[in-house]
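A.B. asks: sequence and predicted structure below; questions after.
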Amino acid sequence: RTRKQRKPRRPTKQLSNEEMEQMMSFLDDGEINFDDATIEGLLMGSSPNVSAIPTTQQPPMLQGFNPMYPFMNPGFFPPHFNQGQVPMEVIQAQMAQLAQMQMQLQMQTNPGQMSMPMMGMPSFAPSPVMYQQNQGMVTVKSEGQRQGSMGWNGGEMQRTPAADQPSTQLLAKLQSLHQIHQDEMAKIRDMQKEVLGNPQRSNFDALTQEQERVKKAIDSEVAALQDLLSTFILSPPELFKTIHLHQHLLAQNMQLELYHLELQQLLLQPGMPTRCYVALGITESPLPMVIPKGKTLEEPLCVKLMTGVNVNVQTTSAVKALLSLDNSVLKTSGKQIESDEEKLDDFSRVAKFHLKFPNGTRMTMATVKFGVDIQVVGMPRIQAESSPSHPFIVITNESQYEEADGILLKTDIFANQANLLKPWPLLANKVQRHFLRGTRQDSTKPQRFLTTKELAYLNLKFFDGHTAVSMHAFDEFWKWFGKGMQKIRYQRHLCSMWQHGLIYGYVDRDGVNAALVNQEPGTFLIRFSERHPGTFAVGYTIEDPDPEARVRHYLIRAEDVYGAKKTLPDFLMESPQFTKFLVIYDFGSGNPKHRIVDKELVLEQYGAKRTALEPTSNGGYDEKL
């Protein structure tokens, strides 16, 4: 028997439109001032005790509302929230609705004041990296849908220039702190040499406190970077810097841990010879990614040897890469990695690997570890081994790419936690990174990335505009999105056409109609079909007095482009109905512009030649092309 699906119970009370507008106005105009004591509490990770807004300024449904915990996690509210005036499920539903409209509640720095960027996870304790002291006061001001915020505006996500973004400001602050920690680590090393050479309790305690202080700061910065990925939809340069900085902060933490262990031995085992504290860490990595069999990694994996202060390394062997994979998956017993040995640089103690894998991993995720033999003065020869890298899959055929990258992306987002919801910005950032690799672009300076408008379209189409997404929803999304990415990556000319704006991109039929309705007959654009994964559609204009009938849509069939030496540019050139290409450009601004170009000017570079195409019927969405 089939069971009727239970409909979700609707809240018994909904906030009125007037109340919703009042809430939005309150969030848009409200300010809360914190004194030094509250700032100190935030630094220590305690819950802020906020009661600064006069009751007369609060909307009736938000008595006691604390803007420190707004929309980023609609299911979490402080105990004093709402004071029981509206059922909690109603507030949560309305908050979710507002979150879809705003997507991000952001902070703006005002002259003479100081603002705190909104962090998305309520479990994360705000740290000093979030703000700087100014006249003993902090101002938290919500921006909502004001011009310059990264919120919903007419169904489209708008983004300000990078310099005005809280994410950019926070990232710049974290990079600055990372450089400060470099100097602090050098001072800690010098202090440790002095303490180990001449142990004194006062110096030992001072050094221990300094190590713990720096360790706490680095931990908070690592958490801030993780929260940044979950809270803001980052631009590709910001995304690259965030990942790169995260790797270097983890390396700093590893080095600091070695210093701490070495120092603690002095307390626990006074008078005993110092042990050999060494570690091998992966400091830079392009993984996770799909790797074609026999192809050399263009971006290196960097491995660094780190030691305690009293470790005098005499010689080291070459660092060797070791594949970590279930033996039942391996087809052969031969060499699994080529270019698997590299020497450490004498000064930096870093080895760079451009690995090549001669065999596939049979659609199974693999990792790589690194090992080195070290000869330390006065000690037996020892071995050091790194932790496993991020996973990767080696494919033997291009047809495996879609499935392999879907496995890696899902693991990257959900970490095999099938029952947990993940923030939409986290998924958007991960998808962006995999998309840039899939379309063969430089992650630091991509020519054509997914715009915020395209990400908003994907969010609305596959995740119903929700700010938290499930693994099941991701699976449905990838069935469609993965096929399109596979097509761009491997079908002839499509990568170049995507990067040069000849493929209009991810947009619905209404968006195509809006772009074309006022163009002259014969103007056309290419988009992804919404109903046929991995297939392109052509929107084009015809002569018709009825504006609603002027734009037509044609689904490109397999036989249109898969004939002998026949490509998409060939098909477009041969079709007389298509005369002027609607091309998009200026991707770097995040808000691309349109221009109309004769199709011959852009298609001839792909070797396309004009040949009359015979009329066809029953193809695509329209009866005739």
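C.D. replies: Perfect, I can see it now. Numbers count the residues shown, from 1 in each chain.
A.B. asks: what residue ranges in the chain score low on pLDDT?
C.D. replies: For the chain, the stretches with pLDDT under 70 are 1-164, 271, 273-274, 327-333, 563-565, 589-590, 609-625.
A.B. asks: longest strand of it?
C.D. replies: Counting by DSSP state E, the longest strand found in the chain is strand 367-376.
A.B. asks: list the buried ones in stretch 390-409?
C.D. replies: Using 16 or more other C-beta atoms under 10 Å as the burial criterion, the residues of stretch 390-409 that qualify are 390-395, 400-409. C-beta here means a position set from N, CA and C on the backbone, and glycine is covered the same way.
A.B. asks: I282 contacts S387, correct?
C.D. replies: Yes. Under the criterion of C-beta atoms under 8 Å, I282 makes contact with S387 at 7.2 Å.
A.B. asks: so those two - more neighbours on which side?
C.D. replies: A side-by-side neighbour count of I282 and S387, using other C-beta atoms under 10 Å, places I282 first with 23 against 13.
A.B. asks: how close does that one sit to E194?
C.D. replies: 31 Å (C-beta to C-beta, to the nearest Å).
A.B. asks: try E548
C.D. replies: Using C-beta to C-beta, E548 is found at 81 Å from E194.
A.B. asks: compare neighbour counts for these two and give me the winner.
C.D. replies: Taking neighbours as other C-beta under 10 Å, E548 and E194 compare with E194 leading, 13 against 8.
A.B. asks: check contacts around the more buried one.
C.D. replies: Taking C-beta atoms under 8 Å, 6 or more residues apart in numbering, we find E194 in contact with N203.
A.B. asks: what's the answer for the one 10 residues further on, then?
C.D. replies: When contacts are counted by C-beta under 8 Å, 6+ apart, F204 is found next to 195, 263, 266-267.
A.B. asks: and the buried ones among those residues, selectable in PyMOL?
C.D. replies: To isolate the buried subset of the contacts of F204 in PyMOL, counting by 16+ other C-beta under 10 Å, use the following:
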select buried, resi 195+263+266
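A.B. asks: the contacts of F204: which two are farthest apart?
C.D. replies: Greatest spatial distance in the contacts of F204: V195 and L267, 10.6 Å, computed using C-beta to C-beta.
A.B. asks: where do the strands sit along the stretch 351-500 of the chain?
C.D. replies: Assigned by DSSP state E, counting those that start in this stretch, the stretch 351-500 of the chain shows strands spanning 367-376, 382-385, 392-395, 422-423, 468-469.
A.B. asks: ok, the longest one: who's next to it in the sheet?
C.D. replies: Which is strand 367-376. Using DSSP bridges, the strands paired with strand 367-376 are strand 313-316 (antiparallel), strand 319-324 (antiparallel), strand 382-385 (antiparallel).
A.B. asks: got it, and the last one?
C.D. replies: Listed by DSSP bridges, the sheet partners of strand 468-469 and their directions read strand 422-423 (antiparallel).
A.B. asks: can you give me the helices in the stretch 401-550 of the chain?
C.D. replies: When secondary structure is read from DSSP state H, counting those that start in this stretch, the stretch 401-550 of the chain shows helices at 401-414, 424-438, 452-463, 471-490, 494-499, 509-516.
A.B. asks: of these, which is nearest H248?
C.D. replies: Nearest to H248 among the helices of the stretch 401-550 of the chain is helix 424-438 (17.5 Å), distances taken as C-beta to C-beta.
A.B. asks: that closest one vs helix 401-414, what angle?
C.D. replies: Counting by axes from the mean of the first three to the mean of the last three C-alpha atoms, to 10 degrees, helix 424-438 lies at 150 degrees to helix 401-414.
A.B. asks: can I assume H553 sits in a strand?
C.D. replies: Yes. Residue assignment for H553, taken from DSSP: H, G, I helix; E, B strand; the rest coil, places it within a strand.
A.B. asks: number of residues surrounding it?
C.D. replies: 17.
A.B. asks: now do it against H434, distance only.
C.D. replies: As judged by C-beta to C-beta, H553 and H434 stand 29 Å apart.
A.B. asks: re earlier: pipe the strands of the stretch 351-500 of the chain into JSON lines and attach distance to G522 per row.
C.D. replies: Shown next, in JSON lines, are the strands of the stretch 351-500 of the chain (distance: least, C-beta to C-beta, whole Å):
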{"stretch": "strand 367-376", "distance to G522": "53"}
{"stretch": "strand 382-385", "distance to G522": "64"}
{"stretch": "strand 392-395", "distance to G522": "41"}
{"stretch": "strand 422-423", "distance to G522": "44"}
{"stretch": "strand 468-469", "distance to G522": "40"}
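A.B. asks: need the phi and psi values for the nearest residue to D326 once chain neighbours are set aside.
C.D. replies: Residue nearest to D326 in three dimensions, not counting chain neighbours: T364, with 6.7 Å by C-beta to C-beta, 6 or more residues apart in numbering. Note on T364: its backbone torsions stand at phi -110, psi 140 [degrees, to the nearest 10].
A.B. asks: what's the burial count for V469?
C.D. replies: 22.
A.B. asks: that one against K430, yeah?
C.D. replies: No. Using C-beta under 8 Å, V469 makes no contact with K430, being 11.0 Å away.
A.B. asks: bridging residues for I291?
C.D. replies: On the basis of DSSP bridges, I291 is bridged to V394.
A.B. asks: that should have said R552, apologies.
C.D. replies: Y540.
A.B. asks: what comes into contact with the helix or strand K304 falls within?
C.D. replies: Per DSSP states H and E: K304 is located in strand 301-307. Here strand 301-307 makes contact (C-beta under 8 Å, 6+ apart) with 251, 254-255, 258, 276-287, 313, 316, 319, 321, 342, 344, 348-353, 355, 368, 370, 372, 374, 384, 386, 389.
A.B. asks: kindly report the same for stretch 442-450.
C.D. replies: 235-237, 239-240, 428, 431-433, 435-437, 439, 441, 458, 498-501, 506, 587.
A.B. asks: just stretch 170-185 next, same as before
C.D. replies: Residues contacting stretch 170-185 (C-beta under 8 Å, 6+ apart): 117, 129-130, 132, 210, 214, 217-218, 221, 224-225, 228, 238, 241-242, 245, 248-249, 252, 255-256.
A.B. asks: which of the residues in that stretch are buried?
C.D. replies: Across stretch 170-185, burial judged by 16+ other C-beta under 10 Å covers 170-171, 173-175, 177, 181, 184-185.
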